[in-house]
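[1] mind looking at a prediction? Sequence and model below.
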Amino acid sequence: MKVVVKKKDNSIPLEITTEFIKLQDAMKYANVVYSGGEAKVLIQEGQVQVNGEACTMRGRKLRPGDTFTFDGSVYAITEKP
């Protein structure tokens with residue numbers, strides 16, 4: 001008997017129409033922060049992960065297929081059709 005375990009994708013999609021979005025802008029777009037200044041502090045404190053790794057670069061470019069995690073929620077960057 002073969003057992004197949006499927007990983008449940010609980011990520012929240014963020015659709016973009018451009019080639020990329022900066023991390024701090026993605027956080028504002030997802031409504032997890034009120035301002036770029038708040039995002040800057042949280043990112044520099046290491047409270048945000050990009051693709052599963054801690055990221056301290058607020059200008060990090062996220063492209064479709066990338067994810068960022070903040071406060072236990074995962075946000076997936078997707079391309080708007």
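    Arrived safely.

[2] quick one: residue 23 and residue 55 touch, right?
    Yes: using CB atoms under 8 Å, residue 23 is in contact with residue 55, at 6.7 Å. In this view, the C-beta of every residue, glycine as well, is placed from N, C-alpha and C.

[3] those two - which one has more neighbours?
    residue 23 (24 against 19; other CB atoms under 10 Å).

[4] list the contacts for the closest residue in space to that one that isn't next to it in sequence?
    Leaving aside its chain neighbours, residue 23 sits nearest to residue 60 (4.3 Å; criterion: CB to CB, 6 or more residues apart in numbering). Going by CB atoms under 8 Å, 6 or more residues apart in numbering, residue 60 touches 22, 23, 50.

[5] A helix includes residue 39, no?
    Yes: the assignment for residue 39 (DSSP: H, G, I helix; E, B strand; the rest coil) places it in a helix.

[6] count of neighbours near it?
    There are 22 residues near residue 39, going by other CB under 10 Å.

[7] and the pLDDT for it?
    pLDDT, residue 39: 95.

[8] that one against residue 31, yeah?
    No: contact status for residue 39 versus residue 31: not in contact, 11.4 Å apart, counting by CB under 8 Å.
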